[in-house]
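Student: build the 3D model from these lines:
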Amino acid sequence: MQIEKIVYFCSENGKTYVKYCDGLKEMVYCSLNKLEKTLNNLKFFRIHESYLLNMGQELIFCSQERKVILPNGEKLDVARDRKKDFIVILMNGSK
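Tutor: Sure thing, here's the model as predicted:
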């Protein structure tokens, strides 16, 4: 797994997937909680209970909608309780 090519990890129906910048999505055998702890110092941030986002990419944040727009145009929800920390990290350009 090449970290720099990962857009985000997500949890769907009790399974964890990784989404790559080329659009490929594959299942991984690890929980988002474990991935979050493992990738903590590698510019990944848990924006929602279902998403662990690679912050090392160009992101646009729509504050009123609480959605982050990815380089491919995909939109992900940002949880209310993580919005403030997300904005700080986004403005600082790194974790």
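
Student: which non-adjacent residue is nearest Cys62?
Tutor: Distances taken as C-beta to C-beta, 6 or more residues apart in numbering put Ile69 closest to Cys62, at 6.7 Å, once the chain neighbours are dropped. Using the backbone N, CA and C atoms, a C-beta is placed for each residue, glycine as well.

Student: now swap in Asp77 and tell me
Tutor: In space, Asp77 is closest to His48, 5.2 Å off (C-beta to C-beta, 6+ apart).

Student: picking up where we left off before, is the residue nearest to Cys62 in a bridge, and if so with what?
Tutor: Counting by DSSP bridges, Ile69 is bridged to Ile60, Lys75.

Student: mind checking pLDDT for it?
Tutor: If you check Ile69, the pLDDT there is 96.

Student: and the residue nearest to Asp77, how far from Gly93?
Tutor: 21 Å (C-beta to C-beta, to the nearest Å).
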